[in-house]
Each structure stands twice: as structure tokens, then as C-alpha cells.
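**Student:** Next input, structure requested:
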Amino acid sequence: MISYRTISAKRGRQNLVETCEKFSNADTGLSNMYNVLKKHQDQRTRKEMSTIGKLIGNIPFFKEREMGEQALIDVCWHMTVLAMPANKTVVEFGSVGDNFYFILHGGVAINIPNPEKLSRFKAIKKEISDLEDELESV
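**Tutor:** Purely as a prediction, here's the structure:
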């Protein structure tokens, strides 16, 4: 069994809230962003996506990548709302995540294996991978 330590991650939400406040005169704020993203992609307007693109463009992840306006709009077209129940695991350590999450309401805990146990975890994961490869060759 792997022991975990928990890190609370609230900074990302604070950045998004601050960004929404900067655009308070725009067509969307945090709640309007939620309402826009609840719509099916073909019901959204380019203006809505452009406004949300400006919001997410100020989040460090996107800002560091110096994405252009059109690239941010393209990202926005693919965004959807996902409601998660409390204490639901979204991604497990060691698995490859294929989504990017904005937390509009609530909080998140990030569980990272205890460093002393991490090498054992990696060894077991490699053993499993090797067994899967062996089974495929049979």
C-alpha cells in the first residue's frame, strides 16, 4: 500500500477568479462562463468563445505558452462543464491525464505518493507493463 500526503490546490481557482474580475465589464464573468460552457458547442458564439479565451489567456499555464487569440478560442470550443461529486477521484497518480480542469466551485486535493514509496510504485508499474507485453506476445 502506498501512503500519500495531500496538497491543497486553491491557487488556480484564485487566478481564475482574479482574471474574471479583470473582465467584469465583458459579456461573461465566472457564472456566465459556466452558463456558456454548459451549452452544446454548436450553440456557442464566437464572441462568447473570444471572451472566455481572454479569461483563460491570463491563467499562467496558457500565458507561459504565449498562445495566440485563435488558439485560445479553439481551446474554448472544446471546453465543457463537468460536475464531480465530493471525494471523487478524477485522475490517479501514475496514469496519464487527458483533460485540463478549471475548478469553478469547490476545491481539490492532490495526492502525491510518499517519496520513499514512489520507487516501489514505479517498479510495480513496470512489472505490470512487462507482464502485459508478455501476454500480448502469447
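**Student:** Low-confidence regions, this structure specifically.
**Tutor:** Counting by pLDDT under 70, the chain shows low-confidence ranges at 1-29.
**Student:** could you point out the longest helix in this structure?
**Tutor:** Longest helix in the chain by number of residues (criterion: DSSP state H): helix 115-136.
**Student:** which residues in this structure form strands?
**Tutor:** Using DSSP state E, the strands found in the chain span residues 4-8, 109-113.
**Student:** what about residue 76, how many neighbours?
**Tutor:** Per other Cβ atoms under 10 Å, the neighbour tally for residue 76 reads 24. The C-beta positions use only the backbone N, C-alpha and C, and glycine is treated the same way.
**Student:** And the helices in the chain?
**Tutor:** 11-22, 30-38, 46-57, 60-63, 69-77, 115-136.
**Student:** Return the set of buried residues in the shortest one.
**Tutor:** Spelled out, that is helix 60-63. For helix 60-63, the neighbour count (16 or more other Cβ atoms under 10 Å) marks residue 62 as buried.
**Student:** go on, the longest one?
**Tutor:** Buried positions in helix 115-136, judged by neighbour count with 16+ other Cβ under 10 Å: none.
**Student:** now the angle from that helix to strand 109-113?
**Tutor:** 80 degrees (axes from the mean of the first three to the mean of the last three Cα atoms, to 10 degrees).
**Student:** Can you show me the CA trace of stretch 66-74 as PDB?
**Tutor:** Taking Å, rounded to 0.1, in the frame of the first residue of the first chain, the C-alpha atoms of stretch 66-74 are listed here in PDB:
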ATOM      1  CA  GLU A  66       2.100  32.500 -25.500                       C
ATOM      2  CA  MET A  67      -0.900  31.200 -27.300                       C
ATOM      3  CA  GLY A  68      -2.500  33.400 -29.800                       C
ATOM      4  CA  GLU A  69      -6.100  34.600 -29.700                       C
ATOM      5  CA  GLN A  70      -7.300  32.000 -32.200                       C
ATOM      6  CA  ALA A  71      -5.600  29.100 -30.400                       C
ATOM      7  CA  LEU A  72      -7.300  30.100 -27.100                       C
ATOM      8  CA  ILE A  73     -10.600  30.300 -28.900                       C
ATOM      9  CA  ASP A  74     -10.000  26.800 -30.300                       C
END
